[in-house]
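got a predicted structure plus its sequence, pasted below:
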There are 2 protein chains.
Amino acid sequence: MADIIVNDERLKKFCSQVFVKLGVPEKDAEVTSDVLVMSDLRGIPSHGVARLMRYVNGIKGGTILPNIKPKIVTESDTTAAIDGQNGLGQPAGYFGMNLAINKAKKIGAGFVTVRNSNHYGIAGYYSMMALKDNLIGISMTNSAPLAVPTFGRDMIIGTNPISVVAPCGKERPYVLDMATTVVPRGKLEVLQRLGKDMPLGWAVDAQGVPTSDTKQVLDNMTKAVGGGVLPLGGAGEDLSGHKGYGLSLLVDVLSGALSGAGYGPNVDSKKAGKPVPANVGHFFGALKIENFIPLNQFKATMDEMLSGLKSSNKAKGAQRIYIHGEKEFEKYDEYRRNGVPLEESVIAAMKKLSTEMNIKYDIEK
Amino acid sequence: MADIIVNDERLKKFCSQVFVKLGVPEKDAEVTSDVLVMSDLRGIPSHGVARLMRYVNGIKGGTILPNIKPKIVTESDTTAAIDGQNGLGQPAGYFGMNLAINKAKKIGAGFVTVRNSNHYGIAGYYSMMALKDNLIGISMTNSAPLAVPTFGRDMIIGTNPISVVAPCGKERPYVLDMATTVVPRGKLEVLQRLGKDMPLGWAVDAQGVPTSDTKQVLDNMTKAVGGGVLPLGGAGEDLSGHKGYGLSLLVDVLSGALSGAGYGPNVDSKKAGKPVPANVGHFFGALKIENFIPLNQFKATMDEMLSGLKSSNKAKGAQRIYIHGEKEFEKYDEYRRNGVPLEESVIAAMKKLSTEMNIKYDIEK
């Protein structure tokens, strides 16, 4: 299956039109599309427009409300709690992160929770919003339970990503954006399509025992009979899998318990086989660097630290040491220039939407 | 070598007297001893009084100043930057965390950096200080470079721990306190003493290639000829070692670059073979839960989440699913009741100090 190359601007416009036709206000449609296409541009197709149908189906099925405004439940100079009111996660995230940024700009620190939300795409989109104001940005979200806790075999913790970013001077910003599991489910699906086994240490079978049988694990996950992806660090405590499990819980503490959203097994779950509002929770933060240290000093230190790492000695057989976000910035530049590759199945879904919704299909480069 | 059982209260008093004799003000001596003994009580002997001699030597050698006060460099309602002035890390950490706590109590969020500090012991001591006020507590520190970045072979990143805690209702608090490497150096030293190989995935040799040769890696680390401990997730990217590497950098961004302390290779380093001030950096934070959600609701959710995890189905062969901090709380109860086990070599060092400093040795239970 060859990828089809599309133009990112027209792809964004296409997605926006889809959301607008479904009743999403134009501004919210644009934000949502920008988050999706940004993910593709950064080389993370699993969170990009490949998920468009999921949002479309959520809106059509009534679990995602297209035309609501996030509501501020409680607010102080440094904090706010937002109710996403079961709208799209992207506009709720955009609203929440902007609130955190404005508070940090005014008073030094801003922290905002969001409950009753939906999947918001890549965590890094929101944390990176802080960079234009030279702030440190933080973004976390809980997610559907696809992983098992250390010594467990039930799929009751999320892949719960953490993203923290910091600006640099000459170097590109530091952009950590990581699921707290070894891998996301998407990586298993890629191997399954290729008919390949996965490395031992990615997932466990229904008994909670490490396995490399990709198909079996995915089948078990679909049927929810036990087993699932492992936390960062793998099975048991030998390679510190309890740390990845702890980080996943951290995200549920801040995005779930603190926001009043669901957590672990009750995020994005089904009730009696029927989909219900996902009640995903997010956590956003921003810190003003100048409140701690002169900005130019911070940036100079970041440059020195990151360039020092990159120029340090490589392991045998390795060509390059990366900084977090670096690969994605390079993909972004490449895809902006040459177009974004999309899988044929994703293109097919878009063509179908084009016909159904009477939206011009003009995204190919 | 059988462990010697000691009384924690008398152990604390003994350590305090040692610090006072070295010129440390009584209050600071008590805090420092409390941090050390708390580590032993929580079953983390690597960070306990086994390190007493390291602080004693630091003070005697002039790189740790016994009688200084941490200085607030800049402060706002939500933030502060502190200069530890090369004093002991524990009083500086205690001062910094209390400042963060007081800001969070008043205004909802408090964040404090400390530079020019020293090893502050277990990160969790400071984050847990937030629990008495029902706050979420955050504590991070950078540390001497003992780990290699992903695809690298130079020992230029720290084991940089992250601790985040949250109060519960009936359940014990959630206490994440984790090095961002697979294991600390201490775990290798334990295996070396037993003459054992380590699991593949803990460390790499001088060429940056994974090895299970414990002795060789420790020798390489001492000589700094390359190789060292691996970030959480192991070597390369197959099991997401780049995530552990990214978390280690995160700690250096917040504890190092933001505080103005050293980072990575220049923390606790030697210049021309001579010890210089360690310039360790810390980062503390506190968030007021009621600013986001009613406290009783938060605690009820935490209870439900943690008890749900503990009662979920176990992996084949596993007896129990733990929450972070749980093992340590159980050790604490046991050791408070029955005494704290200390290695013979640690006891020997204490007896020597007792003679040298004319302090009564009365710690054994």
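It's in. Fair warning: this is a prediction, and the values are worked out from it, not measured in the lab. Numbers count the residues shown, from 1 in each chain, chains lettered A, B, ... in the order given.

residue ranges in the stretch 201-350 of chain A under the pLDDT threshold?
Across the stretch 201-350 of chain A, no stretch falls below the confidence threshold (pLDDT under 70).

the strands in it, which residues?
Secondary structure of the stretch 201-350 of chain A (DSSP state E, counting those that start in this stretch): strands at A:203-204, A:210-211, A:228-229, A:270-271, A:274-275, A:280-288, A:340-342.

so how far is the third one off the chain centroid?
Averaging C-alpha positions (C-alpha atoms, centre = their mean, to the nearest Å) puts strand A:228-229 18 Å from its chain's average.

JSON lines please, covering the strands of the stretch 201-350 of chain A and showing distance to B:Thr222 and mean neighbour count.
C-beta: built from backbone N, CA, C; applies to glycine. Below are the strands of the stretch 201-350 of chain A laid out as JSON lines (distance: least, C-beta to C-beta, whole Å; neighbours: other C-beta atoms under 10 Å in any protein chain shown):
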{"stretch": "strand A:203-204", "distance to B:Thr222": "38", "mean neighbour count": "29"}
{"stretch": "strand A:210-211", "distance to B:Thr222": "34", "mean neighbour count": "18"}
{"stretch": "strand A:228-229", "distance to B:Thr222": "38", "mean neighbour count": "26"}
{"stretch": "strand A:270-271", "distance to B:Thr222": "56", "mean neighbour count": "8"}
{"stretch": "strand A:274-275", "distance to B:Thr222": "58", "mean neighbour count": "12"}
{"stretch": "strand A:280-288", "distance to B:Thr222": "37", "mean neighbour count": "29"}
{"stretch": "strand A:340-342", "distance to B:Thr222": "48", "mean neighbour count": "21"}
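
can you redo those strands as CSV with distance to chain B?
Shown next, in CSV, are the strands of the stretch 201-350 of chain A (distance: least, C-beta to the nearest C-beta, whole Å):
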stretch, distance to chain B
strand A:203-204, 7
strand A:210-211, 9
strand A:228-229, 11
strand A:270-271, 17
strand A:274-275, 22
strand A:280-288, 6
strand A:340-342, 21
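
show me the one of these that comes nearest B:Tyr361.
Nearest of the strands of the stretch 201-350 of chain A to B:Tyr361, taken as C-beta to C-beta: strand A:280-288 at 47.1 Å.

can you list the strands that the closest one pairs with?
Here strand A:280-288 is paired, per DSSP bridges, with strand A:109-117 (antiparallel), strand A:135-141 (antiparallel).

deepest-packed of the ones you listed, please.
strand A:109-117 (a mean of 30; mean count of other C-beta atoms under 10 Å in any protein chain shown).

for the record, mean pLDDT for stretch A:2-9?
Regarding stretch A:2-9, the rounded mean pLDDT is 95.

next: stretch A:74-94.
98.

wait, a strand at A:Lys105?
No. Assessed with DSSP: H, G, I helix; E, B strand; the rest coil, A:Lys105 is helix; it does not lie in a strand.

isn't it right up against A:Ala130?
No. Applying C-beta atoms under 8 Å, one finds A:Lys105 not in contact with A:Ala130, separated by 9.7 Å.

give me the neighbour count for A:Ile59.
21 (other C-beta atoms under 10 Å in any protein chain shown).

now A:Glu121: closest residue in space, sequence neighbours ignored.
For the record, residue A:121 is Gly, not Glu. Leaving aside its sequence neighbours, A:Gly121 sits nearest to A:Val35 (C-beta to C-beta, 6 or more residues apart in numbering or on different chains; 4.2 Å).

for that neighbour, give me its contacts.
A:90, A:93-94, A:120-122, A:125 (C-beta atoms under 8 Å, 6 or more residues apart in numbering or on different chains).

repeat for A:Tyr94
A:31, A:35, A:126, A:129.

can you give me the strands for the stretch 51-200 of chain A?
Under DSSP E, counting those that start in this stretch, the stretch 51-200 of chain A gives strands at A:71-75, A:79-83, A:109-117, A:135-141, A:145-147, A:157-158, A:162-166, A:174-178.

nearest to B:Ala315, of those?
Judging those by C-beta to C-beta, what sits closest to B:Ala315 is strand A:145-147, at 12.7 Å.

the closest one - contacts with which helices or strands?
Contact analysis of strand A:145-147 by 3 or more C-beta pairs under 8 Å, 6 or more residues apart in numbering or on different chains; DSSP states H and E lists strand A:157-158, strand A:228-229 as its packing neighbours.

how close does the one residue in the stretch 251-365 of chain A that gets nearest to chain B get to B:Thr222?
Proximity of the stretch 251-365 of chain A to chain B (C-beta to the nearest C-beta) peaks at A:Ala315, 2.6 Å away. Remark: distance between A:Ala315 and B:Thr222 (C-beta to C-beta, to the nearest Å) = 20 Å.
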